[in-house]
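In: Okay, here's the prediction I keep looking at, along with the sequence it came from:
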Amino acid sequence: MRVAVVFFPARNREKLRNISMGLAHGIENQGHHVDLIDGEKEIGKKLTIYQYIAVGTESSGFSGKTPEKIAKFLSHAGSLIGKKCLAFVTKAMIGAQKGLLHLMKRMEHEGMYLTYSKIFESPEMAEIIGKNIHIDIK
């Protein structure tokens, strides 16, 4: 199965990238083909060819707002209706839960079908989840 792990950095690109790489590595250990996509640098990338999509970002402070570039990217990423997906944010002192809810709403607005959501503390945690998450499209 083809899987995309798309991440949208706000402040700490390296932390989010490492967590995204951990998730991708874990999913690859299940035998799937995974592409890591930087949503900020790969504008216009189509996600239609992927059977499963993981989208991650950082929440911004107390309000938990997510970057506006996520909505723009997803609205131009091809047909996403009914695609099974995972939403994740990096752990923060405040606002992570709200940030995850904002991200989930953006994804559902595009017609994506959320099967899992998580706040990741580390790349190791993301890899463990990636190894164990059930992403079969049946």
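Out: Yes, it's here.
In: C-alpha only now, for contacts and for neighbours.
Out: Fine.
In: SS state for the residue nearest the centre of the chain?
Out: Centroid check for the chain by CA atoms, centre = their mean gives V55 as the closest residue, at 1.5 Å. For V55, the assignment made with DSSP: H, G, I helix; E, B strand; the rest coil gives strand.
In: Am I right that it is in contact with K84?
Out: No - using CA atoms under 8 Å, V55 makes no contact with K84, being 11.1 Å away.
In: Which residues are in contact with G82?
Out: G82 makes contact with 111-113, according to CA atoms under 8 Å, 6 or more residues apart in numbering.
In: Which positions in the longest helix seen in the chain come out as buried?
Out: Under DSSP state H, the helix in the chain containing the largest number of residues is helix 13-28. By 16 or more other CA atoms under 10 Å, the buried positions in helix 13-28 come out as 15-17, 19-28.
In: what's the burial count for L114?
Out: Residues within reach of L114, counting by other CA atoms under 10 Å, total 19.
In: Tell me the confidence at the nearest residue to L47 once chain neighbours are set aside?
Out: Spatially, and ignoring its direct neighbours in sequence, L47 is nearest to A77 (5.4 Å; CA to CA, 6 or more residues apart in numbering). Here the pLDDT value assigned to A77 is 91.
In: With S59 instead?
Out: Confidence at S59, expressed as pLDDT, is 73.
In: and if you look at K138?
Out: pLDDT, K138: 55.
In: Now L80. Its backbone dihedrals?
Out: Torsion angles at L80 (phi, psi; degrees, to the nearest 10) stand at phi -110, psi 0.
In: Pull the number of nearby residues for the closest residue to it other than its chain neighbours.
Out: Nearest in space to L80, with sequence neighbours left out and distances taken as CA to CA, 6+ apart, is M112 at 5.8 Å. Neighbourhood size, M112 [other CA under 10 Å]: 22.
In: same question, the one 5 residues further on
Out: Applying other CA under 10 Å, we find 18 other residues in the vicinity of S117.
In: ok, it - contacts?
Out: Here S117 is in contact with 86-88, 100, 104 (CA under 8 Å, 6+ apart).
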